[in-house]
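In: Sequence plus predicted model, see below.
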Amino acid sequence: MTASEYRSRFTEWDQRSWVRSKPHRDSPFTTGRHYFSADLCPLSACPRVLAAPAGVRAAILVHSLYLHLEFTVQLEMGPVNEICALLRSPGFLPWLPAAMKDDVLRIYTDEAGHAEMSNTLKSAVVAETGVVPIEHRPRFLTELAALYSAELPAYRPLVKLFFAIVSETLITGTLTKLPKDPAVQPAVRELARDHAADEGRHHAFFRQLFELLWPRMPLPLRRKIGALLPRVIHAFLWPDEPALTSVLRSMPGEFDDPVRIVAEMSASARNRDAVLRNATPTLRMLRDNGVFEDPSVSRAFLDAGLLGRAG
Ligand SMILES: [Fe+2]
Ligand SMILES: [Fe+2]
C-alpha cells in the first residue's frame, strides 16, 4: 500500500465515536448477573476455583472485571496515547499522509474516553459490590519496560510503536464476547460493545499504518522487530499471573496455594488456545504482509507457540 491509498474510517467520527455521540451506559446492576464472563476469566476453569462456593467464584469475576478495566485505563492513557501523540508530531514518520496525522488525534480522544468510561464503571462496581480491587501494576507495563530497557534509546520509540500496533490490532475476546454473554451485567456488556465499535476503526488505522511502515523498514530492522513481536503479543494476551495470584490471595481460607493454581492455569491447553485465538487478527495482518517469510522471525513465533494459525 502507498500513502495515497490511505482510507480513513473516521469520516463519520462525530456520529459514531463513543465519546462524541454516545452516553455513559448506566444500566442498573441486577442481582443474579455476573460482572464478567466466566468463559473469559482464565481462573474460572481451574478445578480449585470450580470447587469453590458460588460467592467466591462471583467475587473472582468481579476482580476479573477490575483487572480488565484497569488494564484498559493504563493501556489507553499510557503506551497507546503516548504513541498517538508521537505520531501526531511532524518529525515522526513525516511521510505519513496528513489525513492519518489528523485521524490519530481522533484515536487519542477515543482512548481518553475509553479510559474514563472504564474508570467510571470500576468505581460504580466497587460501590455496588463492596469488593475491594487488589493493588497491582498490570503485567503488560512490566513487559514493556523490560523490552524498552533492553534496547538502545534510538530504538525505543519504534518498540513502543509496535507495542501500540500490536495492541490496537488485537481485538480480544473480552471486547467481542462480553457483549453477547447474557449472564453478564448489562452495564458491563454495553461498555464492551461501545468500546469494541471504536476499536474496529482503530484496528483499520493501525493495520494501514503497519502496511505503510513495514516495507519501508530495512531488512535488519524488520528482523529485529519481528523477533520481538511474539513477546509483545504475549505481553497483552498472557494472563496477568502476578495479579491473578493476588486475587486468590485476597480470599484467605479459600485457596491454600494460589501460586500453584495460577501456574497450572498458565500451563493449560485452554490458556494456550485462548492466547492463540485472541492473537489471530494480528497474526493474520503479519502473515498477509509477509512477516513470517523471514525464517528467523517465523522461528521466534513458532517457539512462542504463536504460529499455529499463522503459518
Ligand atoms: Fe480503546
Ligand atoms: Fe484503540
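Out: Thanks, I have the structure now. Ligands and ions are numbered 1, 2, ... in the order given.
In: Report all helices and strands that whatever helix or strand A197 lives in contacts.
Out: Using DSSP states H and E, A197 falls within helix 186-213. The helices and strands touching helix 186-213, judged by 3 or more Cβ pairs under 8 Å, 6 or more residues apart in numbering; DSSP states H and E, are helix 13-16, helix 18-21, helix 98-129, helix 156-169, helix 173-177, helix 269-288. C-betas here are computed from N, CA, C, even on glycine.
In: Lowest average confidence across helices and strands of the protein, where is it?
Out: helix 173-177 (a mean of 84; mean pLDDT, DSSP states H and E).
In: What lies in contact with that one?
Out: Where contact means Cβ atoms under 8 Å, 6 or more residues apart in numbering, the residues beyond helix 173-177 that reach it are 37, 39-40, 68, 192, 195-196, 199, 274, 277-278.
In: restrict those residues to contacts with ligand 2.
Out: Judged by Cβ under 5 Å from the ion, the overlap between the contacts of helix 173-177 and the neighbourhood of ligand 2 comprises E199.
In: What sits closest to the closest residue to ligand 2 within the stretch 101-250 of the chain if chain neighbours are left out?
Out: Residue of the stretch 101-250 of the chain nearest ligand 2, by Cβ to the ion: H202 (3.5 Å). Nearest residue to H202, sequence neighbours excluded (Cβ to Cβ, 6 or more residues apart in numbering): E168, at 5.0 Å.
In: Tell me how many other residues crowd the residue of the stretch 101-250 of the chain closest to ligand 2.
Out: H202: 25 surrounding residues under other Cβ atoms under 10 Å.
In: Return the residues in contact with it.
Out: 107, 110, 168.
In: Can I take it that L69 is in a helix?
Out: Yes. Counting by DSSP: H, G, I helix; E, B strand; the rest coil, L69 is found in a helix.
In: Correct me if wrong: it contacts T120.
Out: No. Because the distance of 9.3 Å does not satisfy Cβ atoms under 8 Å, L69 is recorded as not touching T120.
In: Looking at these two, which is more packed in?
Out: Comparing L69 with T120 by neighbour count (other Cβ under 10 Å), the higher total belongs to L69, at 24 against 15.
In: measure the more buried one to ligand 2 for me?
Out: Going from L69 to ligand 2 by Cβ to the ion, to the nearest Å gives 15 Å.
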